[in-house]
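Colleague: Starting from these lines, generate the structure:
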Amino acid sequence: MLTLMQQNSENNKFKIDFILWFCLESERCDQTLQRGASFIQKLVDYANLDEFDGNIWKSVLIIIKGPMLSPNLSEGAKVAAKLAWLKFINEKNLDVDNCNIMVDHLACWIFDLNNNSNDIYKTMTIEHRLSWNVYLKEEIKEKIIQRISYLPFGVEISFIHAKCKRCNCLGDPRLFENFCHPNINPSPRHNTQIERYHPNTLIRDHSGPAVLVHSDRPKPSSGRVLPTMISGAITGAAAAARPAAAAGPAGLAAGTIAGGILGAAAGVILSSNEKCRDCSNSFSERGCVRQCSNCNRFWGESGCRWKYVCCGWEETRSGCESRQICRTPECDINISPCICGACGMLLGTEGCIKDIEHDVVVYDDDDDIESF
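Modeller: Residues are numbered from 1 along each chain as shown. So this is what the prediction gives:
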């Protein structure tokens, strides 16, 4: 019945108008009645309790099959309904002031369903027969239509997507298999080993070292800027300045030549008249931007290596932290254990114990159930 409701639901919701629960005469609340009442109550397990109090019994009419002469013969079904309702209240932690539920019932026996009808009822007057709750087919139809007209109209059945952690059941938990693995496992068996890993992602970085250069300075033909180029340029500039102060024109000429030679030895010939357009300092002075000596790109540009954020290590190095992993298929190390101690079967397979409660995880409608 639930499967048919789900197949014909819209947006995982199926609306029913009322419920007719057919029961045999019984003063005692036996297991059969308890199972029937539990099934009816489970129809609203996932209802929106902000809009509905969960009392589905307002829309239930109990049909007692038989020429019932004693009102007590309906007590078994009514007690079963009350027990199912109280269990629902306790499980959902509902604040219900009045736990007494009223369930309507109708006793009836239809004597003309086949040609072998009892002749004794044919000889009775209608009034006498109805006092025994015995009806013709057409009479009971009119009677039920009359009784259900007083019931609150409409109950919405909601379906959810869920998964059992211990077995292969997916979908609505009310439709799960009755077999599952036990909650307590006396012999957990993980096939564990230590794995090195990085907890954070990779980023681009420069390997350096960093050198200070001018942003509009032309690169040498080699395509690499070396730290000696900067030191050589500064040495050459200093050599050019000292003779000029001490020896006049002759000293200036000697200092200029010496500075040029020293600068050339360092890898570049500098002119004291050239200036950086960004900082307006001479190229022979300290640079204004940092440059990677490994890739010749400025320090703010894309780096020449990958490194991990967590530890700063390069991409090729093994993880900076360790963790335990389980090599058993379909195992999650956070679920203990990965193999059922009762039957030795993997979690994620059909369970070994009947009627055990499933370890259910509920998913939103937006989740992809095929990825569970």
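Colleague: Tell me the buried residues in stretch 197-208?
Modeller: Of the residues in stretch 197-208, H198, D205, H206, G208 count as buried by neighbour count, 16 or more other Cβ atoms under 10 Å. Just so you know, the C-beta spots here come from the backbone N, C-alpha and C atoms, and that holds for glycine as well.
Colleague: could I get these as CSV with pLDDT, distance to G154 and secondary structure?
Modeller: Output for the buried residues of stretch 197-208, formatted as CSV (pLDDT from 0 to 100; distance: Cβ to Cβ, whole Å; DSSP: H, G, I helix; E, B strand; the rest coil):
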residue, pLDDT, distance to G154, secondary structure
H198, 88, 56, coil
D205, 85, 64, strand
H206, 85, 69, coil
G208, 80, 73, coil
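Colleague: Going along the chain, name the helices of this protein.
Modeller: Counting by DSSP state H, the chain has helices at residues 2-7, 31-42, 75-92, 119-122, 126-131, 137-148, 227-266.
Colleague: and those helices, which one is worst for confidence?
Modeller: Mean pLDDT is lowest for helix 227-266 out of the helices of the chain, coming in at a mean of 39.
Colleague: Who's the closest spatial neighbour of E75, skipping the chain neighbours?
Modeller: E27 (5.3 Å; Cβ to Cβ, 6 or more residues apart in numbering).
Colleague: list the contacts for the one you found?
Modeller: N72, L73, E75, G76 (Cβ atoms under 8 Å, 6 or more residues apart in numbering).
Colleague: chain center to stretch 48-62, what's the gap?
Modeller: Relative to the centre of its chain, stretch 48-62 is centred 30 Å away, using Cα atoms, centre = their mean, to the nearest Å.
Colleague: is it true that W132 touches L69?
Modeller: Yes: here W132 reaches L69: they are 7.0 Å apart, a contact under Cβ atoms under 8 Å.
Colleague: need the contacts of E27 in JSON lines with distance to S318, can you?
Modeller: Putting the contacts of E27 into JSON lines (distance: Cβ to Cβ, whole Å) gives the following:
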{"residue": "N72", "distance to S318": "78"}
{"residue": "L73", "distance to S318": "77"}
{"residue": "E75", "distance to S318": "73"}
{"residue": "G76", "distance to S318": "69"}
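Colleague: and which of those residues is nearest I63?
Modeller: L73 (12.6 Å; Cβ to Cβ).
Colleague: pLDDT-wise, which helix or strand of the chain ranks last?
Modeller: helix 227-266 (a mean of 39; mean pLDDT, DSSP states H and E).
Colleague: now the contacts of E27: which count as buried?
Modeller: L73, G76.
Colleague: before we move on, the earlier item: so for W132 and L69, which sits in the more crowded spot?
Modeller: W132 (15 against 12; other Cβ atoms under 10 Å).
Colleague: now that one, nearest residue through space, not along the chain?
Modeller: For W132, the closest residue by Cβ to Cβ, 6+ apart turns out to be P67, at 4.8 Å.
Colleague: picking up where we left off before, how close does the residue nearest to E75 sit to G66?
Modeller: Distance, E27 to G66, using Cβ to Cβ, to the nearest Å: 13 Å.
Colleague: so what's in contact with those two at the same time?
Modeller: L73.
Colleague: burial measure for the residue nearest to W132, as a count.
Modeller: P67: 17 neighbours (other Cβ under 10 Å).
Colleague: per-residue confidence at it?
Modeller: 75.
Colleague: okay but it is in contact with L130, surely?
Modeller: No: judged on Cβ under 8 Å, P67 makes no contact with L130 at a distance of 10.6 Å.
Colleague: domain ranges for this protein?
Modeller: 2-159, 162-191+327-372, 208-303 (automatic domain parsing).
Colleague: R317 is nearest to which of the ones you listed?
Modeller: domain 208-303 (16.1 Å).
Colleague: Could you tell me the end-to-end distance of that closest one?
Modeller: Taking Cα to Cα, to the nearest Å, the first and last residues of domain 208-303 lie 10 Å apart.
Colleague: now stretch 111-129
Modeller: 10 Å.
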